[in-house]
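*Asks:* Sequence first, predicted coordinates after that:
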Amino acid sequence: MTPTDLETLIQSHLDGRAHTADVERLSRRLEEDGEARKIYLRLAHLHASLAGLAVAGAIAESAAPLPASTSRASRAGRLAVPLAGLVLAGLLLVMWRGGPPPRSPESLPLAATIAQLTELKNCRWVSPQTEFSAGDRLAAGQRLELAAGEARIEFDHGAVVVLSAPAIFDLVSSHETFLLLGQLQAEASTEAAHGFCVRTRTARFVDFGTAFSASAAADGHSRVDVTSGMVEVQLGGTAARHMLRAGESMGIEPGQSVVTTRIESGDGTAAFRFPSIEPPSNRDHADNAQGRATINCLRGQLNERSGSLGVLTDGQGQSQADAPDQSAFFSTDQQGLVLLDLGSPLPITRINTYSWHQDRGSDTNRIRATQKFYLYGSAAAEPPGTGGPLAEQGWVLLGRVNTDEFFDVSLPRTRPEQQATSITAARGPIGSYRHLLWDVRPSRSGTQPVEDGTFYGEFDVYVE
């Protein structure tokens with residue numbers, strides 16, 4: 001389990017979304033790994049009240065297994081209490097260092113305020129010295145550290161931000177904010193609010209009379225999803241700008257290359273037409289006809305109905321929506337590792353991944369269309385090991401994908417049956433890599449207890 005996987009699992013648990021097997025897996029990891037317990041405490045600190053954590057100082061370190069049926073608050077408390085004795089001092093210090101200290105509403109001159117807290121839902125604040133109430137005015141330079149709940153902020157020029165815990169959020173000025181951690185929804189529908197900006201550690205999202213959601217993870221990864229209108233995405237440290245329209249999303253990885261992930265739905269035909277991502281190609285470097293790349297399975301078992309891994313590099317997608325023999329997919333409940341060897345280190349400009357599935361027996365069953373994977377790269381002559389956390393073995397994380405999250409799939413029928421993911425860099429190549437490793441995860445629909453493998457139709461790798 002990579003650090004990213006661990007944080008995702010912890011967040012899922014704290015949000016009340018983890019399944020029984022996930023909770024048991026998390027409990028085992030926390031029992032065995034002291035570093036994992038520190039990570040949990042850091043995240044749980046933002047979910048649980050300080051009062052609940054303070055009483056735990058004398059409790060032993062070991063974490064008891066967690067029942068999946070308990071509520072979000074009680075689960076967070078039960079796991080946080082045994083771990084609170086580890087490290088309370090300095091928690092989140094690295095993330096907060098360099099920012100202005102939070103200011104209580106009483107200390108703000110009224111003339112300096114630019115916004116107002118208009119609605120608070122079950123809110124708890126990280127520090128009792130910075131608690132807020134509905135109606136409090138907010139000033140430029142002020143920080144909100146939300147441990148639980150949801151806060152609605154209305155700016156004087158008309159922009160609205162709804163902040164969801166756990167979150168750390170700065171009001172830099174009337175038109176610029178900084179989301180250090182957490183999730184928010186923003187809307188700037190008035191003329192005066194145009195140009196309203198949400199900044200993260202990897203990008204700036206500029207609102208032009210629209211609505212969008214943004215998220216920022218502890219490791220610097222950020223994402224934007226446009227609900228209506230247009231958002232300009234300015235990538236950190238570069239002059240690169242992208243205009244996203246309603247229904248479009250982008251993820252941005254931390255790092256010098258500023259790697260971005262774009263996800264789109266297709267037209268549902270064998271032509272694989274997408275708004276901006278090209279269809280599967282036989283002209284990329286990894287295509288079988290080029291004879292320069294090899295593909296292998298390092299972990300997991302392909303489903304008995306699956307085609308060979310060669311279908312991923314044959315230059316085409318599936319010919320129809322339910323074509324298992326033209327797809328590569330893993331057995332039920334199995335995670336897979338797919339290794340692509342390009343033959344030598346090459347400057348990679350983009351990596352595209354395609355999937356297509358629509359169950360013939362159900363017009364809403366498209367679970368095998370979901371793309372859910374982490375993509376890693378290595379320039380070494382021999383691929384690094386895979387026996388432990390991949391980042392610790394020498395693999396470089398290039399991108400993370402969960403298309404259900406990007407498409408905000410709440411009902412099976414809202415999941416696109418044909419999907420494409422394109423991982424690129426803001427400028428120049430993503431990097432020079434010989435080996436690419438897809439850490440492929442299964443997906444679970446809301447109507448079944450098992451997880452199914454995605455019908456992947458093509459992996460394309462383009463080089464300079």
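*Replies:* Here it is on my side, so go on. Just so you know, these numbers come straight off a predicted model, no measurement behind them. Numbers count the residues shown, from 1 in each chain.

*Asks:* Can you list the residue ranges for helices in the chain?
*Replies:* 3-14, 20-32, 34-47, 50-54, 72-83, 93-96, 390-393, 403-406 (DSSP state H).

*Asks:* Pass me the low-pLDDT residue ranges in the stretch 201-350 of the chain, would you?
*Replies:* Scanning the stretch 201-350 of the chain for pLDDT under 70 picks out the ranges 237, 256.

*Asks:* please redo it, this time with the cut-off set to 80
*Replies:* 209, 219, 236-240, 255-258 (pLDDT under 80).

*Asks:* how about stretch 300-319: buried residues?
*Replies:* 300, 302-303, 306-307, 309, 311-318 (16 or more other Cβ atoms under 10 Å). For the C-beta atoms, the positions are set from N, CA and C on the backbone; glycine is no exception.

*Asks:* swap in stretch 202-209?
*Replies:* 202-207, 209.

*Asks:* Using a markdown table, lay out these together with distance to D325.
*Replies:* Output for the buried residues of stretch 202-209, formatted as a markdown table (distance: Cβ to Cβ, whole Å):
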| residue | distance to D325 |
| --- | --- |
| T202 | 40 |
| A203 | 41 |
| R204 | 46 |
| F205 | 42 |
| V206 | 46 |
| D207 | 46 |
| G209 | 48 |
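
*Asks:* now, which of those residues lie within strands?
*Replies:* Judged by DSSP state E, the buried residues of stretch 202-209 include 203-207, 209 as members of strands.

*Asks:* and of those, the nearest to A328?
*Replies:* A203 (32.6 Å; Cβ to Cβ).

*Asks:* give the contact list for the closest one.
*Replies:* 222, 224, 233-236, 252 (Cβ atoms under 8 Å, 6 or more residues apart in numbering).

*Asks:* And the furthest pair within the residues you listed?
*Replies:* It's V224 and G236 that sit farthest apart of the contacts of A203, by Cβ to Cβ, at 12.9 Å.

*Asks:* what's the longest strand seen in the chain packed up against?
*Replies:* Ranked by residue count under DSSP E, the longest strand found in the chain is strand 336-356. Packing partners of strand 336-356 (3 or more Cβ pairs under 8 Å, 6 or more residues apart in numbering; DSSP states H and E): strand 294-299, strand 372-378, strand 396-402, strand 418-425, strand 431-440, strand 456-463.

*Asks:* Which among those is found nearest to L337?
*Replies:* strand 294-299 (3.9 Å).

*Asks:* which strands and helices sit next to that closest one?
*Replies:* Using 3+ Cβ pairs under 8 Å, 6+ apart, strand 294-299 sits against strand 336-356.

*Asks:* What angle do strand 372-378 and the strand it packs on make with each other?
*Replies:* Strand 336-356 and strand 372-378 are oriented at 120 degrees to each other (axes from the mean of the first three to the mean of the last three Cα atoms, to 10 degrees).

*Asks:* can the helices and strands packed on strand 336-356 go into CSV with extra columns for mean neighbour count and distance to H175?
*Replies:* Shown next, in CSV, are the helices and strands packed on strand 336-356 (neighbours: other Cβ atoms under 10 Å; distance: least, Cβ to Cβ, whole Å):
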stretch, mean neighbour count, distance to H175
strand 294-299, 15, 48
strand 372-378, 23, 35
strand 396-402, 21, 30
strand 418-425, 24, 29
strand 431-440, 22, 35
strand 456-463, 25, 38
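
*Asks:* and these as TSV, adding distance to L9?
*Replies:* Formatted as TSV, the helices and strands packed on strand 336-356 follow (distance: least, Cβ to Cβ, whole Å):
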stretch	distance to L9
strand 294-299	19
strand 372-378	13
strand 396-402	13
strand 418-425	22
strand 431-440	14
strand 456-463	23
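
*Asks:* just to revisit the earlier point, and which of the buried residues of stretch 300-319 is nearest to E382?
*Replies:* Nearest member of the buried residues of stretch 300-319 to E382, counting by Cβ to Cβ, is L309, at 19.7 Å.

*Asks:* residue contacts, the closest one?
*Replies:* With Cβ under 8 Å, 6+ apart as the criterion, the residues that contact L309 are 295-297, 302, 328, 338.

*Asks:* Tell me what L179 is bridged to.
*Replies:* When bridges are called by DSSP bridges, L179 pairs up with F169.

*Asks:* no no, D207
*Replies:* Beta bridges link D207 to V231, judged by DSSP bridges.

*Asks:* From S432, how far out is it?
*Replies:* 36 Å (Cβ to Cβ, to the nearest Å).

*Asks:* Then F373?
*Replies:* Going from F373 to S432 by Cβ to Cβ gives 22 Å.

*Asks:* Please parse this protein into its domains.
*Replies:* Domain assignment for the chain by automatic domain parsing gives 3-91, 99-251, 259-463.

*Asks:* re earlier: just the closest of the buried residues of stretch 300-319 to R368, please.
*Replies:* Looking across the buried residues of stretch 300-319 and measuring by Cβ to Cβ, the closest to R368 is N303, at 9.9 Å.

*Asks:* Next up, phi/psi of the closest one, please.
*Replies:* Listed backbone geometry of N303 is phi -60, psi 150, with angles given as degrees, to the nearest 10.

*Asks:* what about the residue nearest to D322 when sequence neighbours are not counted, neighbour count?
*Replies:* Among residues not flanking D322 along the chain, R360 sits closest, at 4.9 Å (Cβ to Cβ, 6 or more residues apart in numbering). By other Cβ atoms under 10 Å, 9 other residues sit near R360.

*Asks:* Then P128?
*Replies:* 10.

*Asks:* Tell me the pLDDT of L9.
*Replies:* Listed pLDDT for L9 reads 77.

*Asks:* let me fix that: E405
*Replies:* 84.

*Asks:* what's it in contact with, if anything?
*Replies:* E405 neighbours (Cβ under 8 Å, 6+ apart): none.

*Asks:* And T353, by the same measure?
*Replies:* So T353 contacts 371, 373, 401, 420-421, 438, 456, 458-460 (Cβ under 8 Å, 6+ apart).

*Asks:* I'd like the residues you listed laid out as a markdown table, including pLDDT and distance to S164.
*Replies:* Shown next, in a markdown table, are those (pLDDT from 0 to 100; distance: Cβ to Cβ, whole Å):
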| residue | pLDDT | distance to S164 |
| --- | --- | --- |
| Q371 | 95 | 25 |
| F373 | 96 | 26 |
| V401 | 93 | 22 |
| A420 | 97 | 29 |
| T421 | 96 | 25 |
| W438 | 97 | 30 |
| Y456 | 98 | 32 |
| E458 | 98 | 36 |
| F459 | 98 | 34 |
| D460 | 98 | 36 |
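
*Asks:* That concludes my questions; thank you for your assistance.
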